[in-house]
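Trainee: Let me see the structure of the following:
(one chain, ligands or ions: 1)
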Amino acid sequence: MSRYVQQRNFLKSNFLEFKNIKTDKIKGLPKPPIVKPYTSISPIINLPKVSEDVVKRQNIYECIKDRRSTRFYSEECLSLTELSYLLWATQGITGTNKAGLTLRTVPCSGATHTFETYLFITRVDGIQKGVYRYLPVDHQLLFMLDLDDIDQHIDAITLDQPFVPNFAKKAAVVFAWSTVPYRSEWKYDISAHKKILIDVGHVCQNLYLASESIGAGACAIGIYDQKLIDEVLDLDGEEEFVLYLGAVGKKRK
Ligand SMILES: Cc1cc2nc3c(=O)[nH]c(=O)nc-3n(C[C@H](O)[C@H](O)[C@H](O)COP(=O)(O)O)c2cc1C
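Mentor: Numbers count the residues shown, from 1 in each chain. So this is what the prediction gives:
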């Protein structure tokens, strides 16, 4: 049992300990950027404006009731409008607060929004297969990598899936959420890490529900090769690393 102690303690609130800590924010250190900058000269794709017209099932009750982790997908592509909606539903910016932090479609402790969204795109109409990054401020996609054998990469990254082997490579899109922990550590110091994990759950839940509302299905993926995906996405594994994945595809009829 002793090996559980540290992990269990991580799940508990350490607010009283945190209250005595001089955080980087209190020390007056610069606030980290709210999104990851990019210097790439790679192509940028403007995503279609999101409107409720994309939604096929407006009834939230039914979407919640019918949601299931979906690991079998049809061959149908997602449209770019549908992908745009899924990105908006998971990380879209819908406002700013007094501190200049973004407010999004998902709640997040202290509006720190430590996540970046990467996409392994296999079947989206009008979009070349490859790896992309979502740019939430301008609601755009940044092209990152043209992976010829993208399905092999997804397969290697998602290791031995216990329910349906190798299902992720058959999805239309695999979302990969990284975290830049310092966006939260600056403000919450040792309390940041538990909050980050809770925050990412909200993101994936919105992926599930938004997928359900357009006739698609999602499946959360917590089993993956950390080193490999960080390498593929060129993340340093310390200041930014992948935390969670979600596969999406149109449901089989
Ligand atoms: C944090 C988390 C990690 C998960 N990781 C995987 C995974 O790696 N592979 C998989 O097939 N399903 C994964 N799932 C999906 C669960 O297996 C699924 O939610 C559970 O069996 C309940 O089924 P339901 O979502 O259809 O209600 C994960 C779900 C969560 C919340």
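
Trainee: C-alpha only now, for contacts and for neighbours.
Mentor: Will do.

Trainee: can you list the residues of the protein near the ligand?
Mentor: The chain comes close to the ligand at residues Arg68, Ser69, Gln161, Phe163, Cys219, Ala220, Ile221, Gly222, Ile223, as judged by C-alpha under 6 Å from any ligand atom.

Trainee: Most neighbours among those, which one?
Mentor: Cys219 (24 neighbours; other C-alpha atoms under 10 Å).

Trainee: Report the beta-bridge partners for that one.
Mentor: Ala247 (DSSP bridges).

Trainee: biggest helix in the protein by residues?
Mentor: helix 192-213 (DSSP state H).

Trainee: For it, which helices and strands make contact with it?
Mentor: Helices and strands touching helix 192-213, by 3 or more C-alpha pairs under 8 Å, 6 or more residues apart in numbering; DSSP states H and E, are helix 60-66, helix 80-91, helix 182-188, strand 216-221, strand 241-250.

Trainee: again, only using 10 Å
Mentor: helix 2-11, helix 60-66, helix 80-91, strand 115-121, strand 173-179, helix 182-188, strand 216-221, strand 241-250 (3 or more C-alpha pairs under 10 Å, 6 or more residues apart in numbering; DSSP states H and E).

Trainee: Between helix 2-11 and it, find me the angle.
Mentor: Here helix 192-213 runs at an angle of 80 degrees relative to helix 2-11 (axes from the mean of the first three to the mean of the last three C-alpha atoms, to 10 degrees).

Trainee: Output helix 192-213 as CSV, restricted to C-alpha atoms.
Mentor: Output of helix 192-213 as CSV, limited to C-alpha atoms (Å, rounded to 0.1, in the frame of the first residue of the first chain):
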residue,chain,number,x,y,z
ALA,A,192,-1.5,23.6,-9.9
HIS,A,193,-1.1,19.9,-10.9
LYS,A,194,-4.2,18.4,-9.4
LYS,A,195,-6.2,21.3,-11.0
ILE,A,196,-4.7,20.7,-14.4
LEU,A,197,-5.9,17.1,-14.3
ILE,A,198,-9.4,18.1,-13.3
ASP,A,199,-9.4,20.8,-16.0
VAL,A,200,-8.6,18.4,-18.8
GLY,A,201,-11.5,16.2,-17.9
HIS,A,202,-13.9,19.0,-18.7
VAL,A,203,-12.2,19.4,-22.1
CYS,A,204,-12.7,15.8,-23.0
GLN,A,205,-16.3,15.7,-21.7
ASN,A,206,-17.1,18.5,-24.1
LEU,A,207,-15.5,16.5,-26.9
TYR,A,208,-17.8,13.6,-26.1
LEU,A,209,-21.0,15.7,-25.9
ALA,A,210,-20.2,17.9,-29.0
SER,A,211,-19.4,14.7,-31.0
GLU,A,212,-22.7,13.2,-29.9
SER,A,213,-24.5,16.2,-31.1
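
Trainee: And the worst-scoring helix or strand of the chain on mean pLDDT, what does it pack against?
Mentor: Least confident element among the helices and strands of the chain, by mean pLDDT, DSSP states H and E: helix 2-11 (a mean of 93). Contacts defined by 3+ C-alpha pairs under 10 Å, 6+ apart place helix 2-11 against helix 192-213.

Trainee: what comes up buried for the helix it packs on?
Mentor: Buried residues in helix 192-213, counted by 16 or more other C-alpha atoms under 10 Å: 192-193, 195-196, 199-200, 202-213.

Trainee: Show residues contacting the helix or strand just after the least confident helix or strand of the chain.
Mentor: Sequence-wise, the next helix or strand downstream of helix 2-11 (DSSP states H and E) is helix 15-19. Helix 15-19 has contacts (C-alpha atoms under 10 Å, 6 or more residues apart in numbering) with Ile21, Tyr188, Asp189, Ile190, Ser191, Ala192.

Trainee: got CSV for those residues, with pLDDT and distance to Thr179 too?
Mentor: Putting those into CSV (pLDDT from 0 to 100; distance: C-alpha to C-alpha, whole Å) gives the following:
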residue, pLDDT, distance to Thr179
Ile21, 97, 23
Tyr188, 98, 15
Asp189, 98, 15
Ile190, 97, 15
Ser191, 97, 15
Ala192, 98, 11
